[in-house]
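> Got a predicted model here, sequence first, then my questions.
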Amino acid sequence: MRDRPRTLAELLLRAGERSDVGLRVLDRRGAPTWLPWTLVLERARCAAAWLRELGVRPGDRIALVYPTRPEFLDAFFGVLLAGAVPVPLYPPVRFGRLDEYHQRTARMLAAVDARLVLADAWVRAVIGDLIARVRPALGCHGLTRLPARGADPVEVDAGELALVQFSSGTTRDPKPVALTHNAVVAQAVLLNNYWPDDEGMRHSGVSWLPLYHDMGLIGCVCAALERPGTLTMIPPEVFVARPAVWLQTISRFRATVSPAPNFAYSLCTQRIRDEEMDGVDLSSWRVALCGAETVVADVMRAFRDRFARWGFRPEALTPVYGLSEAALAVTFTEPGRGFSSRRFDRRALAGGIAREADSGREIVSLGRPVPGFELRIEDDYGNMACEGNVGRVLCRGPSLMQGYLGHPEATAGTMRGGWLDTGDAGFLLRGELFLTGRRKDILLIRGSNHSPEEVEAAAQAVEGVRAGCVVAVSWLPESADGERLLVLAEARRHIGAARFGAIARACREAIVSATGLVPERVVVLPAGTLPRTSSGKLRRQDALLRFLTGDLTQPRMARLRLAAALARSACAYWRTFWRRRAVTP
């Protein structure tokens, strides 16, 4: 092995010498499974040996469909040691949309030409019909019977493919992002350089982020591997059901670093009760990263103020910017600075100029480029924009993707001369990045561009609206003389339909007051209605399409589809259970 590891397998071999640090996986009840790096390596060697016996070859793409469990780690690192390429996919979590899940997952498996699907028993039962349709060459298996003797790792070059992860597909179908070992290792190194050990303190992390998402896998697992350090993982569904578990776990294990999207901070502020914080001490939390979606200043302030009583440090809040195509981080706020924001004139922003104004739109700074990265703002003609001018955001750095696997045209449209077109709109001010929105999601109202995030933030502040569950889109109704503003908002759980009208009126008033825009329609929907990407982001254009076709506003049909899907899933599970029982001596 080289003095300095250059591949993920080499990082694992180095980390495997340490038994004092490793990965800790909590189950639904909070009971931990401790996996020191020595054990992670040992299990990965055994998984690699089994994969070779099965017929896996170096370079094969292997789909992983696991919840947050120790088995995911066996599969991920075992595939790497076998010289193959892991492709983490999200497991089925919403039974009401199994048909959609099967369709999207089938497209993903075809896009990467997956030769094998690895999944746990429950997932295999649910996706049986999908596997029968796609027919991967080596089928669908679980890592249930590993050999006692492990295999030596297959040597691969640092420039070879290490990982394929799917972009979130916020505005379009997700594409397979091809990342080399060089890219993933470079990203892990720059993340760990951001929070160096100091004052005799050893950093440790807590994450509830899904392992099929770059922020959870690369930002947390791969960063802990590169250090090597300790990471505690919480199943995402546990956090969503009981947000207090996140903060309790940070306190319990004295974690110093933990990331989350904006909606998670809002969810904690709204849902955590004071009694759930008894005995919690957040003073160890030095870096509270916030990224993956728009960072809202009001959410940051509310979280900071609410949890100060339990030792939360205001300077810990750290807005960041990144994307799958860059393997994760592109800009970070300076350590210990906390979040900062500025207000900009709305009319000037609509015209492409960032002009500060006391009563304007508030935008949070996402910091400066991380070491090795550069930013460039371009106008619509490809010219570099001056500071303060709004344009398309491009970046380049050491962890950019190799391209979209099997999509040369999409790759050529996104990567030009070593620069990655992020698809975001924003501007630079004093070297710091401010985003104004996604270019394809920009609201075009009466000839002016407006940010959907600002409209959505206004509606989310209304009592009864579910945190992080508002979509603002513009569309052209029949016979209209211009595009109109449509707002779709989910009500909080346990709020009956009788209150939807009042919530819609309150949202309309809040939007007009905050933005000056008058929605053509505000539609309040039951919780869980709006479509999301695999990483949990709302899909605005998909939501619009479903609204126009009536799919979002037919709750009775949705309930019937849910009941049918649950019945199919239960039947599949019990068929598998009784088959195994019949053949078990």
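Good, I have the coordinates.
> which residues touch residue 398?
182, 183, 186, 187, 190, 372, 373 (C-beta atoms under 8 Å, 6 or more residues apart in numbering). C-beta here means a position set from N, CA and C on the backbone, and glycine is covered the same way.
> One more: residue 52?
Residue 52 sits in contact with 82, 151, where contact means C-beta under 8 Å, 6+ apart.
> my guess is it is in a helix, correct?
Yes: according to DSSP: H, G, I helix; E, B strand; the rest coil, residue 52 belongs to a helix.
> coming back round to it: so which of the contacts of residue 398 are in helices?
Under the assignment DSSP state H, those contribute 182, 183, 186, 187, 190 to helices.
> Would you confirm that the fourth one contacts residue 225?
No: in terms of C-beta atoms under 8 Å, residue 187 does not count as a neighbour of residue 225; the distance is 11.7 Å.
> now the ones in helices among the contacts of residue 398 in CSV, with pLDDT, neighbour count and distance to residue 241?
Formatted as CSV, those follow (pLDDT from 0 to 100; neighbours: other C-beta atoms under 10 Å; distance: C-beta to C-beta, whole Å):
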residue, pLDDT, neighbour count, distance to residue 241
182, 97, 19, 39
183, 98, 26, 35
186, 97, 20, 36
187, 97, 28, 31
190, 94, 22, 34
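> now those residues as JSON lines including distance to residue 422?
Below are the ones in helices among the contacts of residue 398 laid out as JSON lines (distance: C-beta to C-beta, whole Å):
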{"residue": "182", "distance to residue 422": "20"}
{"residue": "183", "distance to residue 422": "16"}
{"residue": "186", "distance to residue 422": "18"}
{"residue": "187", "distance to residue 422": "16"}
{"residue": "190", "distance to residue 422": "17"}
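> residue ranges with poor pLDDT in the protein?
Scanning the chain for pLDDT under 70 picks out the ranges 1-3, 94-97, 168-173, 196-201, 446-448, 478-482, 534-535, 553-585.
> residues touching residue 397, list them.
Per C-beta under 8 Å, 6+ apart, neighbours of residue 397: 326, 330, 369, 370, 372, 373, 374.
> quick one: the strands in the stretch 201-350 of the chain?
204-207, 230-233, 257-260, 287-290, 317-323, 328-332, 341-344 (DSSP state E, counting those that start in this stretch).
> And stretch 349-358, what's buried?
349, 350, 352, 354 (16 or more other C-beta atoms under 10 Å).
> Out of those residues, which two are the most distant from each other?
Using C-beta to C-beta, these span at most 11.2 Å, a distance reached by 350 and 354.
> so how far is residue 391 from the nearest residue to residue 413 once chain neighbours are set aside?
Excluding its sequence neighbours, the residue lying closest to residue 413 (C-beta to C-beta, 6 or more residues apart in numbering) is residue 421, at 7.5 Å. Going from residue 421 to residue 391 by C-beta to C-beta, to the nearest Å gives 11 Å.
> Check residue 543 too.
From residue 543 over to residue 391 (counting by C-beta to C-beta), the distance is 27 Å.
> Walk me through the domains of the chain.
By the assignment in automatic domain parsing, the chain contains the domains 8-247, 302-440, 443-553.
> List the buried residues in stretch 494-505.
495, 500, 503, 504.
> send the alpha carbons of that stretch over as PDB?
C-alpha atoms of stretch 494-505 as PDB (Å, rounded to 0.1, in the frame of the first residue of the first chain):
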ATOM      1  CA  HIS A 494     -53.400  15.400  12.200                       C
ATOM      2  CA  ILE A 495     -54.800  18.700  10.800                       C
ATOM      3  CA  GLY A 496     -58.200  18.000   9.200                       C
ATOM      4  CA  ALA A 497     -59.300  19.100   5.700                       C
ATOM      5  CA  ALA A 498     -61.800  21.500   7.400                       C
ATOM      6  CA  ARG A 499     -58.900  23.800   8.200                       C
ATOM      7  CA  PHE A 500     -57.300  23.700   4.800                       C
ATOM      8  CA  GLY A 501     -59.200  26.800   3.500                       C
ATOM      9  CA  ALA A 502     -58.100  29.000   6.400                       C
ATOM     10  CA  ILE A 503     -54.500  27.800   6.000                       C
ATOM     11  CA  ALA A 504     -54.600  28.700   2.300                       C
ATOM     12  CA  ARG A 505     -55.900  32.200   3.000                       C
END
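> who's in contact with that stretch?
Counting by C-beta under 8 Å, 6+ apart, 462, 463, 464, 465, 489, 491, 522, 523, 524, 526, 555 sit against stretch 494-505.
> Now do residue 176: how many residues are near it, please.
Here the count is done by other C-beta atoms under 10 Å, and residue 176 has 22 residues near it.
> check contacts around the nearest residue to it once chain neighbours are set aside.
Closest residue in space to residue 176, ignoring its immediate chain neighbours: residue 405 at 4.1 Å, by C-beta to C-beta, 6+ apart. Residue 405 makes contact with 111, 112, 164, 176, 177, 178 under the criterion C-beta under 8 Å, 6+ apart.
> next one: residue 203
195, 197, 227, 229, 256, 257, 286.
> if you set the cut-off to 10 Å instead, what comes out?
Contacts for residue 203 were tallied using C-beta atoms under 10 Å, 6 or more residues apart in numbering; they are 192, 195-197, 223-224, 227, 229-230, 255-257, 284, 286-287.
> List the single closest residue to it in space, sequence neighbours excluded.
residue 256 (4.6 Å).
> same check, this time on residue 248
Nearest residue to residue 248 in three dimensions, chain neighbours excluded: residue 280, at 5.8 Å (C-beta to C-beta, 6+ apart).
> ok, now residue 439?
Per C-beta to C-beta, 6+ apart, closest to residue 439 is residue 425, 4.9 Å.
> how many neighbours does that neighbour have?
Residue 425: 22 neighbours (other C-beta under 10 Å).
> In contact with it: list those residues for me.
349, 352, 377, 390-393, 435-442, 449, 451.
> Write a PyMOL command that selects only the buried members of these.
Selecting the buried subset of those in PyMOL, with 16+ other C-beta under 10 Å as the burial test, is done by:
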select buried, resi 349+352+377+390+391+392+393+435+436+437+438+439+441+442+449+451
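> so who does the residue lying closest to residue 204 once chain neighbours are set aside touch?
Leaving aside its chain neighbours, residue 204 sits nearest to residue 230 (4.4 Å; criterion: C-beta to C-beta, 6+ apart). Applying C-beta under 10 Å, 6+ apart, we find residue 230 in contact with 18, 20-24, 34, 36-37, 202-206, 224, 253, 255.
> quick one on the thing from earlier: restricted to helices, list the contacts of residue 203.
Using DSSP H, the contacts of residue 203 in helices are 192, 223, 224.
> For residue 124, state which of those residues is nearest.
For those, the nearest to residue 124 is residue 224 (28.3 Å; C-beta to C-beta).
> Looks like the closest one contacts residue 202 (just checking).
No: the pair residue 224 and residue 202 does not pass the contact test of C-beta atoms under 10 Å, sitting 11.8 Å apart.
> out of those two, which sits in the more crowded spot?
Legend: neighbour count by other C-beta under 10 Å for residue 224 and residue 202, higher for residue 224 (27 against 12).
> now the helices for the stretch 351-500 of the chain?
If you assign secondary structure with DSSP state H, counting those that start in this stretch, the helices in the stretch 351-500 of the chain sit at 408-414, 452-460, 500-515.
> can you list those helices in CSV and add distance to residue 158?
Below are the helices of the stretch 351-500 of the chain laid out as CSV (distance: least, C-beta to C-beta, whole Å):
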stretch, distance to residue 158
helix 408-414, 21
helix 452-460, 38
helix 500-515, 48
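> any idea which of those is most buried?
Among the helices of the stretch 351-500 of the chain, helix 452-460 has the highest mean neighbour count (mean count of other C-beta atoms under 10 Å), at a mean of 24.
> Would you mind writing the CA trace of that helix as PDB?
The C-alpha trace of helix 452-460 is given here as PDB (Å, rounded to 0.1, in the frame of the first residue of the first chain):
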ATOM      1  CA  PRO A 452     -39.600  30.200  -5.500                       C
ATOM      2  CA  GLU A 453     -37.600  29.900  -2.300                       C
ATOM      3  CA  GLU A 454     -38.800  33.300  -1.000                       C
ATOM      4  CA  VAL A 455     -42.500  32.500  -1.700                       C
ATOM      5  CA  GLU A 456     -42.100  29.100  -0.100                       C
ATOM      6  CA  ALA A 457     -40.400  30.500   3.000                       C
ATOM      7  CA  ALA A 458     -43.300  32.900   3.500                       C
ATOM      8  CA  ALA A 459     -45.900  30.100   3.300                       C
ATOM      9  CA  GLN A 460     -43.900  27.800   5.600                       C
END
